[in-house]
Every structure is written in structure tokens, then in C-alpha cells.
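>>> Fold the following, please.
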Amino acid sequence: MSEMQYRADPKSGNRLSALGFGCMRFPGSAELRERLVTGAVEAGINYFDTALLYPGSEVALGGILKKNGLRGKVYIADKLPHFRCRSAGDIEKLFQESLERLQTDYVDYYLIHNIGSVQTWRRLEGLGIREWIAAKKEQGAIREIGFSFHGKSVDFVPLLDAYAWDFCQIQYNYMNENYQAGTAGLMAIHERGMAAIIMEPLLGGKLAQKLPPKAKELFDAAAPGRSPAAWALQWLWDKPEVTVVLSGMNAMEQLTENIEVVCNTPAGSLPQEERAVYTKAYEAISGTYRVPCTGCNYCMPCPAGVNIPGCFAAYNMSYAMGYIAGMSLYVNATSMLGTGAGQCTKCGACVKKCPQEIAIPDRLKEVRGRMEPLPFRGAMKVVRRFMG
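Just a heads-up that it's a prediction; the model follows:
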């Protein structure tokens, strides 16, 4: 196997593996989780990203690192859920909760989770977060401080300049060059001498397993045998401004493939003719891409029981892969419509939590119109009655 590629964090000088392990979507099997984490470390991956809001993630990661004596070999990135903070005491309480779950006394890379504007940061300043960060850094409990961004592009640079951040995490992939922080945001991070951590490189898996046939044909014709996931990751590692690309690997095959790709894609290595393929793929995908949902589940649980990510995934698939494929997924994802778009009460609870700023109730109405036509609703009522 080729050697792991490392890129320097400009602020700290740390050598970070260009492939980071995103722990939001850990597999359910404890044995597989341990194999994945230990296998990643053995291969040279040293950046692991978790969060207090990821169910079971901190506990699982901390336990594996402790059991295998790996804490000193990795950098842990963790996040503060700022919306839970109403006082300085809340900030400290949440931080200590993360340390306890991780079984450690420090976090290497600590992020304010999902800040979308300067106004949000100003509220935290009012709670004394500047002083709190300074104290934690002096104690060595926090080594580097940053934020993850899900807001509008116009708000990114002002937020970037609102504090002396050490690093920043943004959503970025070949479909999102002009979305949220985008390419302009990546360049702004680089110009300020900060590490750029990339999340959602596969857009919640859509750029790996759910490509429309035309896009997949383009990639296959350009490089037979190379997976869509490899194409998406190579696009990122080709950029010298990118420091770490996070991948939520939940199968050994994914770990093996991603390691092979990162080891063989130094910055600036893609041929010009291959870079041109992405433009055509973008056009093919954007024509079928209806709702920009990444399946992060931040909107869940829905008070009315709607499987919001499942509804949007099926709706998008109905355009990308055909109506029958989309409907098949919709029936499975909504338990025979028991958790379908038609259950939405338009309460708006989901809108406040969506990092993509999707008008979820309005879009669910569109989903219902396409995926729950009147004859189908009647048929499903009969099926549910028959099933008891």
C-alpha cells in the first residue's frame, strides 16, 4: 500500500492526514467500528471528527482509542452545540461532557458547531466565549479553535474575520462550488493561513451511490473502473488549499478504497482532460437534483413522524434514477406512507434546524404531490389496513 498523504496545518504546523475519518455515520456494529478506527490509524489516518450531537459517536470513538492505546497518535476534532448555550456555565458543562465521553482531558481541534452568521458569534461573545476559549487554550484543554459553517455565502467571510480562528470546516464538493462557503470561501480560508477541513465531500453519499446514469457514464468513459466516490474525492485532493477531507466510512471496503485514492492523489495531479469531465458531470447531475438534502438528520425527529431525509432521498431519486426506483425507495423509507410527506403539519420545527436552509414544509408538499398521487394514497390505506 502507498504511504498516507499528509498536509500541513498552517497555524499549528501539525501534519494532518489528507483523509480524515468522519464519525457522524458510524456503523451499528461495535466490532466493525473498532476495526475501522484501528485500521484507519494503522494506515496513517490521524484526524477523527466527532460531535456531541452525533448519537453515540463520542463514546464509541473515545472507547476505541482508549482500549487500543491510540489517543496520542490521533487528533480529535469535536464540536460545541452553541444553540444549547444560554450561559457561560452551559459552555463549560457541554465541553466537560464531551471530554468525559471521549475519555480524554483535551481536544485537539474544537469547533463551534454550525455557525451561520456573525450575529450568532456575537451572542456567544456575550456569554463570554472569547475568555472561555483563551482559558482553555492556556490550560491545553483546547489546542486549536475553529467553526463549522452551513450558512449563506455572503455571511462567510465576515464570520471568518470576526475572530482569530485557527481553522474552519466547510461543506464542499464539485456540486457545491457556489453554495455556502464554496470555492470563494475555500480561497478565503487559505489566504488567512488557516487549515481547511472539508465535510460532505460525497454530498451525503449522493455523489457515490446515487448518480444519474448520464453522469456515471461520463465518469466510466473517462476512467473505466474508477468509482464515482473516487472521482469526487480526487477533485478535492487535487486542490492544494484543501487540508483534510472527511469521509464517513462505515465499511472496510470504503476505508480501503479511500486510502488508496488519497495516497495517489497529491495536489495538482489530475490531468486537465479529467478535470473537464466534472463540468459535464455537474450539468448532468444538476438537472436531476431537486432538493439539496444531505441526509444529515439534523431536522429529525419530526414531531409529526415524517421521515424527512427519506422523503427527499426518494424524491430526488425519482428524477435521477427514474420514477419506479424513486417510488420503491419512498415506500420503504416511509413505512407504507405512515411516515410520508403527507403527514407534515407545517409546524416549522425542522426549518429552524436545517443547516441547508431548506424550506422543508414547502418541499414536502412537492414530494407529496409527486410521490403520493391520489390513487396511490388509497392503495396504501388498503395495504395498511390489510397488514393490521
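
>>> Tell me how far residue 163 lies from residue 83.
Noted for residue 163: a distance of 18 Å to residue 83, by C-beta to C-beta, to the nearest Å. C-beta: built from backbone N, CA, C; applies to glycine.

>>> check which helix or strand covers residue 174.
Assigned by DSSP states H and E, residue 174 falls within no helix or strand.

>>> When residue 163 and residue 83 are compared, which one has more neighbours?
Taking other C-beta atoms under 10 Å, residue 163 and residue 83 do not tie; residue 163 has more neighbours (18 against 13).

>>> Return the residues in contact with the more buried one.
Applying C-beta atoms under 8 Å, 6 or more residues apart in numbering to residue 163 gives the contacts 121, 130.

>>> Helix, strand or coil: sort out it for me.
The three-state assignment at residue 163 reads coil, by DSSP: H, G, I helix; E, B strand; the rest coil.

>>> Secondary structure element holding residue 48?
strand 47-49.

>>> Tell me where the stretch 151-300 of the chain has strands.
Using DSSP state E, counting those that start in this stretch, the strands found in the stretch 151-300 of the chain span residues 167-171, 195-199, 244-247.

>>> Can you convert the ones you listed into TSV and add a column each for mean neighbour count and mean pLDDT?
Conversion of the strands of the stretch 151-300 of the chain to TSV gives the following (neighbours: other C-beta atoms under 10 Å; pLDDT from 0 to 100):
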stretch	mean neighbour count	mean pLDDT
strand 167-171	25	96
strand 195-199	25	97
strand 244-247	28	98
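
>>> Can you lay out these as JSON lines showing distance to residue 294?
Below are the strands of the stretch 151-300 of the chain laid out as JSON lines (distance: least, C-beta to C-beta, whole Å):
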{"stretch": "strand 167-171", "distance to residue 294": "8"}
{"stretch": "strand 195-199", "distance to residue 294": "9"}
{"stretch": "strand 244-247", "distance to residue 294": "13"}
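
>>> shaky segments in the stretch 1-150 of the chain?
For the stretch 1-150 of the chain, the stretches with pLDDT under 70 are 1.

>>> surely residue 160 meets residue 191?
No - Residue 160 is beyond contact range of residue 191, at 9.7 Å (criterion: C-beta atoms under 8 Å).

>>> So between these two, which is more surrounded?
A count of neighbours by other C-beta under 10 Å puts residue 160 above the other of residue 160 and residue 191, at 20 against 11.

>>> Now do stretch 217-236, average pLDDT.
Stretch 217-236 comes out with an average pLDDT of 96.

>>> Show me the residue sitting in the middle of the chain in space.
Averaging the C-alpha coordinates of the chain gives a centre point, and the residue nearest to it by C-alpha atoms, centre = their mean is residue 200 (3.8 Å).

>>> hang on, that residue packs against residue 294?
Yes - the pair residue 200 and residue 294 passes the contact test of C-beta under 8 Å, sitting 5.5 Å apart.
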